[in-house]
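In: just coords:
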């Protein structure tokens, strides 16, 4: 990837972190920041082709639009079948781990809300 491409990817990464900071609650922000950092690092250190970089950039741009609510589509967490079929076994394993972390965060948030409002118990 050339300097221009590198600059575009770095700008995208920064925009993701800014959007997490402004649009996500703290636990989700921490999870999102960690996931984005790991994904960007993995692609940077791997043998990522130009085509893969373009797809990587495109998918993270879609993610930003979802987080910002630009396309007004609810985030339901479901992946289309064509996307699932394209995932490698490693990516599927990572998705399972991410799901587990998201469930833990949701449980933590629910517990926190119950502690703040005992009438919800």
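Out: Looks like it came in fine. Just so you know, these numbers come straight off a predicted model, no measurement behind them.

In: And the longest helix belonging to the chain, what does it pack against?
Out: Assignment by DSSP state H gives helix 89-116 as the longest helix of the chain. Other helices and strands packing on helix 89-116, by 3 or more Cβ pairs under 8 Å, 6 or more residues apart in numbering; DSSP states H and E, are helix 26-45. Backbone N, C-alpha and C define where each C-beta goes, glycine included.

In: Next SSE downstream of the helix it packs on?
Out: helix 50-68 (DSSP states H and E).

In: Who's the closest spatial neighbour of the residue most central in space within the chain, skipping the chain neighbours?
Out: Centroid check for the chain by Cα atoms, centre = their mean gives residue 32 as the closest residue, at 5.2 Å. Counting by Cβ to Cβ, 6 or more residues apart in numbering, residue 32 lies nearest to residue 20, which is 4.7 Å off, once chain neighbours are set aside.

In: correct me, but that neighbour touches residue 68?
Out: No. With contact defined as Cβ atoms under 8 Å, residue 20 does not count as touching residue 68 (10.8 Å).

In: Just want to know which of the two has more residues nearby.
Out: Neighbours per residue (other Cβ atoms under 10 Å) separate residue 20 from residue 68, with residue 20 holding more: 21 against 12.
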